[in-house]
Each structure stands twice: as structure tokens, then as C-alpha cells.
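Novice: sequence and predicted structure are below.
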Amino acid sequence: MIELAVFGAGRIGYVHALNVAAHPRVKLKYIVDPVAGAHRDELAGKTGAAIAEAETVFGDPDIAGVIIASSTNTHADLLLKAARTRKAVFCEKPISLDFPTVADVTAQVEASGIPCMLGFQRRYDTSFRALYERIASGASGPLEQLTMSSRDPSPPPRSYVETSGGMFRDSTIHDMDMARFLLNEAIATVYAVGACLISEEIGDAGDIDSLMVTLTTASGRMAQITACRRGPMGYDQRLEALCAKEVLAIENQPQSMLVVNTPEGRHAAPPENYFIERFRQAYRDEMNAFIALIENGEAPLADIRDGYEAQRLVEAAIVSMNTGQAVRFGTSWVPDGEN
Ligand SMILES: NC(=O)c1ccc[n+]([C@@H]2O[C@H](COP(=O)([O-])OP(=O)(O)OC[C@H]3O[C@@H](n4cnc5c(N)ncnc54)[C@H](O)[C@@H]3O)[C@@H](O)[C@H]2O)c1
């Protein structure tokens, strides 16, 4: 049996812990979370895992890997501890909210040679994966323009916004990763605008709630990301890929396939409620990929370098928004100082 530990028993840690515990070749041995919340105790009961301190996990030679799903400000330290004690790591995005720390931790983890994957679960989603594979097969012809919409059902509370690192680092990092994944070419320019259009509370906390980003690649192909902390039709995750021979699209996944037809029209079920429901299977598949990484060294779809690169794009977008200028990005751009 592969023995694992999960850090963080919050929203996403809960999902990951149940997924690994359900795997036939895994024993979830420890859950680490300093807060004795309902989730933590429920998880311990459901999985048989012990509630432990970080030191116990990193000092246990039988622990093969750790899942870092704790608050963002803990990721860097836990990644470095995993590298020092040679544990495989699955780490949620982002690596850190501070870019120099992202760069330093990425370099140290890579130098250590430990297996490490990042939590970009959209890469494991059946629809995003099928679209990626269709483009990669050549059937669609070259991808020329990518348009992505990313809208939350409703704005998060001010307390969340204050520690999130802002909308770009917290949320748009997923869209940046998907743009990189699909364009599969160095990004040349990043132009972003952002504003507070829907929530005064978010503005008071110093963040934005609405943004748009335009990316271009070295060969001139383009991607556009439109994101908002509110989706009038619910959780809204759509994508269109204009290719030379066909247009590929990912629509929202409905909560059910029921369609009600009446003289007034056609009523379909609303989209899945939020990311936990929409990406339920993708979260299972990324945990299976983490286990395959530990068992056979099978390369994951997203590693720590992908976390670094997506965050580099996010930092460029923040610089662009703040200066009103496009950022000439290229392969070596890094932010200088405070943004
Ligand atoms: N990939 C995704 O789809 C996705 C979705 C949600 C969150 N996330 C990321 O996952 C992380 C957790 O987000 P969340 O929404 O579950 O947050 P959350 O606040 O619901 O849970 C975080 C948990 O971490 C615990 N914690 C704090 N310090 C800790 C420590 N030192 N050791 C262990 N546990 C500690 C907290 O007590 C809390 O229970 C964030 O980095 C977030 O960006 C990713």
C-alpha cells in the first residue's frame, strides 16, 4: 500500500482526501490541519486517517507522498519540507503569492528531483482533455484564436478576498495554465485590464472582480480570457478554440440532462453549481495521476514548472493592468519588485 498524508481539511483538501482514501492501493495515513473543524474530524472518521502534526508526517519513512491542500501561505514551506525528506508531492495552486518565493521553491524542488505535480485539474477534465487531444492530433488544423470565459456563481466574502492574493493569482492562474496548455507555444505579449464592477466590498479589500486578458504567442496566435467573480447564469466555464479547419467548443456541464419543452420554450438544467461539482471527476483523475506518478514515475499533466509559468503570466497580467501597457513577455520576463 502507498501511504499518503493530506495537509488541509478545507474545501479542496476534503475532496482530495476522500479521493485518495478510496483508491485501492492507497492508505491515507495522516490528515494535518491545525484547526479542529468539522471537515477534519469527519475526514478522520471516514478515512481512518490519524490527525497528526507536520513533523510526524515528514519524519515517517513509510509516507511516500503528501498532498498539500492547505491555505496558500503554507505551500512553499511544505514543498521545501517534502523536498528535504524526499516525499512525492501534489500541491495545490498557487505555489506562493510572492513571486521570488515561487521561483526559489520551484528551483529547489526541481533540484531535489522529487516527483511533484501541481493542482491544475482542468487539464484532467474529460472535455478539456478531449479538446487538447483533438488539436494535438492535427484534425482541427492549427489553433489560431482561443476564447475562454471563467465566471464564479457569486462573489466571495471580503475575508476570502483579503488573503487570496487577488483574483489573478487566486483564480485566473487556472485560465493562464489552460491557455499555455492549449497554445503550446511561448507567450510573447500579455495585456490585461481589470476593474471592480460588481462588488464594492471587493474593491474596498483592494481587489478587482472583473478582468480581461489578451495573450499572443511568438507566432502571433491569440488567446482571450474573460473572467468575473459573478456569473448571472451560475458557474460559467466555457471555451472556444478557433482552428484552421474547425471550431471546437466546451459548453457548461448541466446539473442534469433533463430538458423541459413547453409552448413557452425549452428549459434545460442550470450549469453545475461550482468547481467542486463541475470538476468532480477531474479531481479524481488528478489524484489517480499522482498515484501513477508515485508508482511508476508516470509524468503528470502539470508539474511545478507549469505552476511557475502560469504564475509568471499572472504577474505579467497584474503589471499590465497596473501600468496600462502590454508586457513584452518572452521566456525570461519576471516581475521586478512590488506590483
Ligand atoms: N485546484 C482547485 O480547483 C482549487 C480549488 C480550491 C482551492 N484551491 C487551493 O487549495 C488551497 C486550499 O483552498 P481551500 O479553498 O480548500 O481553503 P480552505 O480555507 O477551505 O482550507 C484550507 C485549510 O488549510 C488549513 N491549514 C491552515 N494552515 C495549515 C497548516 N500549516 N497545515 C495544514 N493545514 C493548514 C486550514 O485550517 C483550512 O482547514 C488554496 O491554496 C487554494 O488556492 C484549489
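Specialist: The structure has been received and is ready for your questions. Since the structure is predicted, the reported quantities are computational estimates derived from the model, not experimental observations.
Novice: a strand runs through T216, doesn't it?
Specialist: Yes: the assignment for T216 by DSSP: H, G, I helix; E, B strand; the rest coil puts it in a strand.
Novice: for it, give me its contacts.
Specialist: Residues near T216 by Cβ atoms under 8 Å, 6 or more residues apart in numbering: I187, A188, T189, M222. Backbone N, C-alpha and C define where each C-beta goes, glycine included.
Novice: please redo it, this time with the cut-off set to 7 Å
Specialist: T216 is in contact with A188, T189, M222, counting by Cβ atoms under 7 Å, 6 or more residues apart in numbering.
Novice: my guess is the second one meets W333, correct?
Specialist: Spelled out, that is T189. No: with contact defined as Cβ atoms under 7 Å, T189 does not reach W333; the gap is 10.0 Å.
Novice: what parts of the stretch 201-339 of the chain come near the ligand?
Specialist: Proximity of the stretch 201-339 of the chain to the ligand (Cβ under 6 Å from any ligand atom) is limited to residues F275.
Novice: re earlier: and which of the contacts of T216 is nearest to the ligand?
Specialist: Nearest to the ligand, judged by Cβ to the nearest ligand atom, of the contacts of T216 is M222 at 25.7 Å.
Novice: follow-up on the earlier one: okay, and the common contacts of T189 and W333?
Specialist: Shared contacts of T189 and W333 (Cβ under 7 Å, 6+ apart): V327.
Novice: longest single helix anywhere in the chain?
Specialist: Assignment by DSSP state H gives helix 304-323 as the longest helix of the chain.
Novice: which secondary structure elements does it contact?
Specialist: helix 99-112, strand 116-118, helix 173-183, strand 187-195, strand 327-328 (3 or more Cβ pairs under 7 Å, 6 or more residues apart in numbering; DSSP states H and E).
Novice: avg pLDDT for that helix?
Specialist: Per-residue pLDDT over helix 304-323 has a mean of 98.
Novice: who's in contact with the residue sitting nearest the centre point of the chain?
Specialist: Centroid-nearest residue in the chain: F120, 3.8 Å away (criterion: Cα atoms, centre = their mean). F120 makes contacts with K93, H174, D177, A302, D306, as judged by Cβ under 7 Å, 6+ apart.
Novice: the closest residue to the ligand within the chain - how many residues pack around it?
Specialist: Closest residue of the chain to the ligand, Cβ to the nearest ligand atom: G10 (1.7 Å). Using other Cβ atoms under 10 Å, the number of residues around G10 comes to 15.
Novice: and if you look at the one 5 residues further on?
Specialist: Per other Cβ under 10 Å, the neighbour tally for V15 reads 19.
Novice: model confidence over the strand or helix carrying it, on average?
Specialist: Element membership for V15, per DSSP states H and E: helix 11-21. The average pLDDT within helix 11-21 is 97.
Novice: and the contacts of that helix?
Specialist: Residues from elsewhere that reach helix 11-21 (Cβ under 7 Å, 6+ apart): 4, 6, 9, 26, 28, 31, 39, 43, 46-47, 67, 69-70, 92, 276, 283-284, 287.
Novice: just the ones of these in helices?
Specialist: Cross-referencing those against helices under DSSP H gives H39, L43, K46, T47, I276, Y283, R284, M287.
Novice: for the fifth one, which non-adjacent residue is closest in space?
Specialist: If I follow you right, that is I276. V15 (6.2 Å; Cβ to Cβ, 6 or more residues apart in numbering).
Novice: and what of G10?
Specialist: That would be H39: by Cβ to Cβ, 6+ apart, it lies 6.5 Å from G10.
Novice: Y308 now?
Specialist: Y308's closest residue in space is T106 (Cβ to Cβ, 6+ apart), at 4.3 Å.
Novice: try H174
Specialist: Nearest non-adjacent residue to H174, counting by Cβ to Cβ, 6+ apart: R122, 6.0 Å away.
Novice: same check on D204?
Specialist: With Cβ to Cβ, 6+ apart, the residue lying closest to D204 is R158, at 7.1 Å.
Novice: surely the one you found meets G203?
Specialist: No: between R158 and G203 there is no contact under Cβ under 7 Å: 10.1 Å.
Novice: where along the stretch 151-300 of the chain do the strands fall?
Specialist: 187-195, 210-217, 222-228, 236-243, 247-250, 259-262, 265-268 (DSSP state E, counting those that start in this stretch).
Novice: right, and R151 touches G231 too?
Specialist: Yes: R151 lies in contact with G231 (Cβ under 7 Å); the separation is 3.3 Å.
Novice: if we can go back for a sec, figure out which of the helices and strands packed on helix 304-323 is closest to Q311.
Specialist: helix 99-112 (5.3 Å; Cβ to Cβ).
Novice: just want the angle from that closest one to helix 304-323.
Specialist: 170 degrees (axes from the mean of the first three to the mean of the last three Cα atoms, to 10 degrees).
Novice: only alpha carbons, please: show helix 99-112 as CSV.
Specialist: Extracted C-alpha coordinates of helix 99-112, given in CSV (Å, rounded to 0.1, in the frame of the first residue of the first chain):
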residue,chain,number,x,y,z
PHE,A,99,6.9,35.6,-7.0
PRO,A,100,10.5,35.4,-5.7
THR,A,101,9.4,32.6,-3.4
VAL,A,102,7.7,30.8,-6.3
ALA,A,103,10.9,31.0,-8.3
ASP,A,104,13.1,29.8,-5.3
VAL,A,105,10.8,26.9,-4.3
THR,A,106,10.5,25.8,-7.9
ALA,A,107,14.3,25.7,-8.3
GLN,A,108,14.8,23.8,-5.0
VAL,A,109,12.1,21.3,-5.7
GLU,A,110,13.4,20.6,-9.2
ALA,A,111,17.0,20.3,-7.9
SER,A,112,15.8,17.8,-5.3
